[in-house]
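J.: Everything below, folded, please.
(one chain, ligands or ions: 2)
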Amino acid sequence: MTQTNNNMTVNPDLAMERAKCNFNVLEVTHIFDGGERNTLQRKKIEDVALNSGASKDALGEEHMSPKEKYENAVRKSCIYATMMKNELAELSGLESFGVSSPVIRRTADAFFKEVSPFLLHLGMFVPTIMGQCTPEQQSYWLPRALDMQIIGTYAQTELGHGTFIRGLETTATYDPETEEFVLHSPTLSSYKWWAGGLGKTVNYCIVVAQLYTKGECHGTHPFIVQIRDEDTHVPLPGIKVGEIGPKMGFNTADNGFLGFDHYRIPREHMLMKNAQVLKDGTYVKVARHGKLTYGTMVFVRVVLVNEVAFNLAKASTIAVRYSAIRRQSKPKPDEVEPQILDYVTQQHKLFIAIATAHALQLCSTWLWESFSAVLAQMKGGNTDTLPEFHALSSCLKAISTSDSAHLIEQCRHACGGHGYMISSGIPNLYNFVSATRTYEGDYTVLLLQTARFLVKAYEQAEAKKPLTPTVSYLAHAFSGSRATWDNSPDGIIRSFQALAAGKTAVCVTNMRKRMRAGLSQVDAWEMSTIQLVAAAEAHCRAVIADTYRKEIVRLTANSSPNVKVVMDQLTTLYLYYWALERTGDLLMFTSVSQKDLVDLQIAYEELLLKIRPNAVGLVDAFDLRDELLHSTLGSYDGRVYERLMEEALKSPMNKEPVSDAYSKYLRPMMKGKL
Ligand SMILES: CCCCC/C=C\C/C=C\C/C=C\CC/C=C/C(=O)SCCNC(=O)CCNC(=O)[C@H](O)C(C)(C)COP(=O)(O)OP(=O)(O)OC[C@H]1O[C@@H](n2cnc3c(N)ncnc32)[C@H](O)[C@@H]1OP(=O)(O)O
Ligand SMILES: Cc1cc2nc3c(=O)[nH]c(=O)nc-3n(C[C@H](O)[C@H](O)[C@H](O)COP(=O)(O)OP(=O)(O)OC[C@H]3O[C@@H](n4cnc5c(N)ncnc54)[C@H](O)[C@@H]3O)c2cc1C
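T.: Ligands and ions are numbered 1, 2, ... in the order given. Down below sits the predicted model:
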């Protein structure tokens, strides 16, 4: 039975959940958005972009052929890009439309069940022009790129190398006679591979290549390269370009390959903010830090933390709303079947997903602010804070993407069989987010970057030298005693820091032992990498826990009492959950006892029950319009079974009463005539 609410027919279980929520949902929405003003602005943007219905497809994307899907995605990308240039530019209050605005990015998701072929244009091509060009280069390229007169991508990865950038093989050799660079792909493994939009959409790209001048190699540098005619879109002579084929997700992103046959570009097309090649071929290094050409990757790593928090919010909204309307089993024979949300194991699967979406959202804002501060310092020529920021953004990217992918899959498990339907929305979310764990720096590789920093910081702490803020806790690593366990939020955070410090100490000790036993530094490091990854993970969890807790305390200082309570419950749940996931480590590095852990488990289970009545309110507070969710299971009205049937009836397989396969194959086989 359904009931009507604000002109909408709402499933009665969902209506009941909303009636029993005891906090002001809008207040939490404001916290999640970063303030009431941001919520209002977001809603305005969503209204303009989505109310016209331009984001809708006549036929579901999932029923289209790959070619139709791609063309449809280009069609909608063009509609959305035009909206961004016109209506949305002013509303979003951005100087340059779209770039780095999470709201614009989120709203775009209503248009695409997978991704836009323009994602790399806005996500990496434009940011590279902004971050790697001289002012003169910027004034030429940026207006054309922002106005979408040219469309670009970021082609760094090759068939043979993605992680090891220094191992890239594409060459850019300077010819002073003509003042040009000659781009060349000397081997099959040097072909560019993966760049989004490269297959069919873009006419320009940033190419990362080994720079040679005066017979010397100066390492990888970025170049802006035209690959297709600006009018006909035909690939230019010397360019071999195409699409790489079907993938687990990203199937509307036309990821491509690209090879060069002695292809010439003007000298000015090298992006020269950090290094220059003069007309006579002299190489001049401008930047004070050798890794500034990796800047666009750092930017995207920062953006991704926000991106995956948003996608996890979507998955948890779908799974919690569905769990409120779904009834299953009869533990008490005289009572009706309970909502599956009443099962404690279901709460254990889902509430951590909500809490993690909050934790990552708040960390992403904090990370973005730290990034802005680092950029401001670098503008003044000071790169001192870059190593710490690289370590921080690397581990946050790794852990946020990995945790989100895992929890989105857990949300699918929580939805049983129906979660496996494409129309539930969860498979597309998983396929998108699981890729984020790999691209822009693989999980293990980035955690090992953070571990390098941790080991150095540990050695500084050992030598009683000053430490940077995110690793200041390492100063307590030398007290000689195990950290005292205490189950208050601050106590648990201190324990997480003790775990990170303890694991780093174990790594350093083992590496030193191995080196004393005759291993080289490189081999001793390699043998310790399982533990180094674990140390970096522990460090990141301590950072997330500390930031989440501090930010919630700060942001709820003036909130109503019930909002304070529910936000406190969620942060505590996050801390208990991770403490219980790491009991072995806690026993190794803190004074926690078996009894303490048994008590903590009970406290965790009681906390789940306290959060239970507010679960639907908490996901409603993410304020995700149905157009963004693309889900039969997660829509606001909870008409799950009706929507599942409506979607099934749209399947082209249901257009004819008898499939052609019957007369072609089934009948002959069944009649023994095959
Ligand atoms: C509408 C608006 C839209 C907005 C956008 C919205 C959303 C965005 C969402 C999605 C984006 C869209 C799609 C993205 C699709 C994917 C794109 C890509 O994947 S692009 C390719 C990305 N590739 C990588 O990330 C490669 C990973 N590899 C590396 O980063 C490096 O090779 C690696 C592993 C760091 C090693 O580099 P290497 O040069 O070999 O260095 P070393 O290991 O020797 O280290 C030397 C020292 O340098 C330090 N270092 C390394 N990197 C950095 C850095 N980035 N910054 C500062 N410092 C760095 C390193 O720590 C060493 O320091 P010490 O010697 O220890 O002091
Ligand atoms: C959907 C998608 C979109 C992409 N878009 C783009 C794009 O637009 N532009 C672009 O340039 N690239 C793009 N990429 C490529 C992406 O950046 C790389 O795939 C990624 O950086 C990983 O590199 P790899 O593929 O070389 O993996 P590999 O480095 O080969 O990794 C394979 C395995 O080896 C391990 N490994 C590698 N090195 C080490 C090490 N030093 N220590 C320990 N373990 C190691 C990794 O942990 C991993 O388990 C995209 C990739 C995907 C999946």
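J.: burial measure for residue 67, as a count.
T.: Neighbour count for residue 67, taken as other Cβ atoms under 10 Å: 9. For every residue, glycine as well, the C-beta is placed using N, CA and C.
J.: now do residue 554
T.: Residue 554, neighbours per other Cβ under 10 Å, totals 9.
J.: how far does the helix or strand encompassing it sit from the chain's center?
T.: Using DSSP states H and E, residue 554 falls within helix 529-555. Centroid separation between helix 529-555 and its chain, computed with Cα atoms, centre = their mean, to the nearest Å, is 17 Å.
J.: List the contacts of residue 213.
T.: By Cβ atoms under 8 Å, 6 or more residues apart in numbering, the contact list for residue 213 reads 173, 174, 277, 281, 282, 283.
J.: hang on, the earlier thing: is any residue of the helix holding residue 554 near ligand 1?
T.: No. Judged by Cβ under 6 Å from any ligand atom, helix 529-555 makes no contact with ligand 1; its nearest approach is 11.9 Å.
J.: export the contacts of residue 213 to JSON lines and tack on neighbour count?
T.: Converted to JSON lines, the contacts of residue 213 look like this (neighbours: other Cβ atoms under 10 Å):
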{"residue": "173", "neighbour count": "17"}
{"residue": "174", "neighbour count": "24"}
{"residue": "277", "neighbour count": "24"}
{"residue": "281", "neighbour count": "17"}
{"residue": "282", "neighbour count": "12"}
{"residue": "283", "neighbour count": "16"}
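J.: Out of those residues, which is nearest to ligand 2?
T.: Lowest distance from ligand 2 to the contacts of residue 213 (Cβ to the nearest ligand atom) belongs to residue 173, with 21.1 Å.
J.: pretty sure that closest one contacts residue 180?
T.: No. Contact criterion Cβ atoms under 8 Å: residue 173 and residue 180 do not qualify, at 9.5 Å.
J.: if we can go back for a sec, going by neighbour count, list what's buried in the helix holding residue 554.
T.: Neighbour counts using 16 or more other Cβ atoms under 10 Å place 531-549, 551-552, 555 of helix 529-555 among the buried residues.
J.: so what does that helix touch, helix or strand wise?
T.: Packing partners of helix 529-555 (3 or more Cβ pairs under 8 Å, 6 or more residues apart in numbering; DSSP states H and E): helix 344-379, helix 386-414, helix 443-462, helix 489-516, helix 561-581.
J.: Relative to residue 240, tell me which of the ones you listed wins on proximity.
T.: Nearest to residue 240 among the helices and strands packed on helix 529-555 is helix 443-462 (28.9 Å), distances taken as Cβ to Cβ.
J.: any idea of the mean pLDDT for that closest one?
T.: Regarding helix 443-462, the rounded mean pLDDT is 98.
J.: Please identify the buried residues of it?
T.: Buried residues in helix 443-462 (16+ other Cβ under 10 Å): 443, 446-455, 457-458, 460-461.
J.: what's in contact with it?
T.: 163, 301, 387-388, 390-392, 394-395, 397-399, 401-402, 437, 441, 466-468, 471, 474-475, 477-478, 500-501, 504-505, 507-508, 511, 529, 532-533, 535-537, 539-540.
J.: and what of stretch 319-327?
T.: When contacts are defined by Cβ under 8 Å, 6+ apart, stretch 319-327 is touched by residues 11, 13-14, 17, 336-341, 346, 349-350, 353-354, 411-412, 414-416, 418-419, 424, 426, 615-616, 618-619, 633-636, 638, 640.
J.: Sticking with residue 265, tell me its helix or strand.
T.: Per DSSP H and E, residue 265 falls inside strand 263-266.
J.: Which strands border the very next helix or strand once past that strand, and is each parallel or antiparallel?
T.: Going down the chain from strand 263-266, the next helix or strand is strand 275-277, by DSSP H and E. Strand 275-277 has the following strand partners under DSSP bridges: strand 283-285 (antiparallel).
J.: Close to ligand 1: what parts of the stretch 401-550 of the chain are there?
T.: 439, 440, 441, 445, 449, 452.
J.: ok, back up a step: the inter-axis angle of the helix holding residue 554 versus helix 489-516?
T.: Between helix 529-555 and helix 489-516, the angle comes out at 160 degrees (axes from the mean of the first three to the mean of the last three Cα atoms, to 10 degrees).
J.: To ligand 2, which of the helices and strands packed on helix 529-555 lies closest?
T.: Nearest to ligand 2 among the helices and strands packed on helix 529-555 is helix 443-462 (3.6 Å), distances taken as Cβ to the nearest ligand atom.
J.: roughly how far is the closest one from the heart of the chain?
T.: Remark: helix 443-462 is offset 22 Å from the chain centroid, using Cα atoms, centre = their mean.
J.: For ligand 2, tell me whether it is touching it.
T.: Yes. For a cut-off given as Cβ under 6 Å from any ligand atom, helix 443-462 has contacts with ligand 2, namely 444, 445, 448.
J.: Report the closest residue of the stretch 151-300 of the chain relative to ligand 2.
T.: residue 162 (2.4 Å).
J.: Residue ranges in the stretch 151-300 of the chain under the pLDDT threshold?
T.: Residues of the stretch 151-300 of the chain meeting the criterion pLDDT under 70: none.
J.: which residues in it form strands?
T.: 152-155, 171-175, 180-184, 192-193, 204-213, 216-226, 239-243, 256-260, 263-266, 275-277, 283-285 (DSSP state E, counting those that start in this stretch).
J.: Just name the most buried of those.
T.: The highest mean neighbour count among those, using mean count of other Cβ atoms under 10 Å, belongs to strand 152-155: a mean of 31.
J.: Look up how far residue 404 lies from the closest residue to ligand 1 within the stretch 1-150 of the chain.
T.: Nearest residue of the stretch 1-150 of the chain to ligand 1: residue 123, at 3.4 Å (Cβ to the nearest ligand atom). Note on residue 123: its distance to residue 404, by Cβ to Cβ, to the nearest Å, is 18 Å.
J.: picking that back up, identify, out of the helices and strands packed on helix 529-555, the most deeply packed stretch.
T.: Among those, helix 386-414 has the highest mean neighbour count (mean count of other Cβ under 10 Å), at a mean of 24.
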